[in-house]
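*Asks:* Whatever this is, show me its structure:
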Amino acid sequence: MPLALIPSPPEGVWHLGFIPIRAYALCFIVAIAVGIWISDRRWRARGGEPGTISDIAVPGVVFGLIGARLYHVITDWQIYFGPRAIKEPYQALFIWEGGMSIWGAVALGSVGVWLACRRRGLSLGAVADTVAPGIAIGQAIARWGNWFNQELYGSPTTLPWGLEIDQAHGGEPGALYHPTFLYESLWDLALGLALIGIGRRFDLRHGRLFAVYVAGYTLGRFWIEGLRIDAVGGVDHAVTFLSLRINQWTSIVLFVGALVSFWLTRRKDAEEIVVPARS
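*Replies:* Model (predicted):
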């Protein structure tokens, strides 16, 4: 049997008196803070005003959290509703138990950012290109919350970096699983660093760097998603269509959309207004 280099944490919740401190939530808080910090530095380097990204991030994060949970509940509705439900419907509100989708977060979070940009008269494309690396690196950090919750792991493996999962979270005694949370974390980190380098080298604007982020993320997510099993209560609840998981189909659609967006904006002028003119 291979050596399990990644044992699962014995617990993901600590108590400070009567206050529960959840590792999952901490990972998300750190991820958001790091993402905002990186994005703010990049915004100021482009001539933007300090604090703008922090202000824009507030509606973006709020909308994003709602979207992340909604997407999960909609695509995995059978966990909470119907005759095969293994959780009570009200548990769909328990975001600390896991189940936060990046697809929903980016989709609805973008609406919040768009509203904030429109109110301030800022270019949505400029903001999107600025925050793209921060989003990717933030995702790399947030994925460790899945490790603490022992969720989103892959199929059984005999590779030497197998992950232990206890029976309460769907694991089998003596079995090891692909640490897909780690695969995606490393992919996201590499993508974030690559985006910073690409942005400096090619000076992509008008949302083109964000398109590269979407294409890069979905490319990695497609193959990582193929390794995953959604074992909740010992049962795989993954929804599939034509032998592919729903998230793989989402990856395909968004990957193609990102390429189309990148191509259609290729002839736009290099000049882009980052900070609106003062009246």
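*Asks:* ok, E184 touching F222?
*Replies:* No. Between E184 and F222 there is no contact under CB atoms under 8 Å: 11.2 Å. Placement of C-beta: from N, CA and C, glycine included.
*Asks:* Neighbour count: these two, which is higher?
*Replies:* Neighbours were counted for E184 and for F222 using other CB atoms under 10 Å; E184 has more, 24 against 19.
*Asks:* list the contacts for that one?
*Replies:* E184 sits next to Q139, A140, R143, G220, R221, I224 when contact means CB atoms under 8 Å, 6 or more residues apart in numbering.
*Asks:* What about the third one, how many residues nearby?
*Replies:* If I follow you right, that is R143. Other residues near R143 number 24, with proximity taken as other CB under 10 Å.
*Asks:* In three-state terms, label the nearest residue to it once chain neighbours are set aside for me.
*Replies:* Take R143 and drop its neighbours on the chain: the residue closest to it by CB to CB, 6 or more residues apart in numbering is S185, 4.1 Å away. Put simply, S185 is helix when judged by DSSP: H, G, I helix; E, B strand; the rest coil.
*Asks:* Tell me where this protein has helices.
*Replies:* For the chain, the helices defined by DSSP state H cover 23-45, 52-75, 102-120, 124-142, 144-149, 180-202, 208-227, 246-264.
*Asks:* Would you mind finding the most buried of these?
*Replies:* Highest mean neighbour count among those (mean count of other CB atoms under 10 Å): helix 124-142, with a mean of 24.
*Asks:* low pLDDT regions in this protein?
*Replies:* Along the chain, the parts satisfying pLDDT under 70 run over 1-4, 77, 84-86, 96-99, 230-239, 268-279.
*Asks:* Give me the residue at the spatial middle of it.
*Replies:* By CA atoms, centre = their mean, the chain has its centre lying nearest to I102, at 3.7 Å.
*Asks:* quick one, what contacts it?
*Replies:* Contacts of I102 by CB under 8 Å, 6+ apart are A68, Q139, Y217.
*Asks:* Let me see the contact set for the first one.
*Replies:* With contacts defined as CB under 8 Å, 6+ apart, the neighbours of A68 are M100, S101, I102, G104, A105, L108.
*Asks:* of those residues, closest to G199?
*Replies:* Checking those against G199 with CB to CB, the nearest one is I102 at 20.7 Å.
*Asks:* measure the closest one to L124 for me?
*Replies:* 19 Å (CB to CB, to the nearest Å).
*Asks:* Can you tell me how far T180 is from P9?
*Replies:* Per CB to CB, T180 is found 16 Å from P9.
*Asks:* returning to that earlier point: list the residues that contact the residue nearest to R143.
*Replies:* S185 makes contact with Q139, A140, I141, R143, W144 under the criterion CB under 8 Å, 6+ apart.
*Asks:* Report the spatially closest residue to the third one, excluding sequence-adjacent ones.
*Replies:* Leaving out its chain neighbours, the residue that sits closest to I141 by CB to CB, 6+ apart is A31, at 4.0 Å.
*Asks:* contacting residues for that neighbour?
*Replies:* By CB under 8 Å, 6+ apart, the contact set of A31 is G138, Q139, A140, I141, A142.
*Asks:* Including distance to W249, could these go into JSON lines?
*Replies:* Formatted as JSON lines, the contacts of A31 follow (distance: CB to CB, whole Å):
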{"residue": "G138", "distance to W249": "25"}
{"residue": "Q139", "distance to W249": "20"}
{"residue": "A140", "distance to W249": "24"}
{"residue": "I141", "distance to W249": "27"}
{"residue": "A142", "distance to W249": "23"}
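*Asks:* From these, pick the one nearest N247.
*Replies:* N247 has its nearest neighbour among the contacts of A31 in Q139, at 14.2 Å by CB to CB.
*Asks:* Look up how far I102 lies from that closest one.
*Replies:* Distance from Q139 to I102, by CB to CB: 6 Å.
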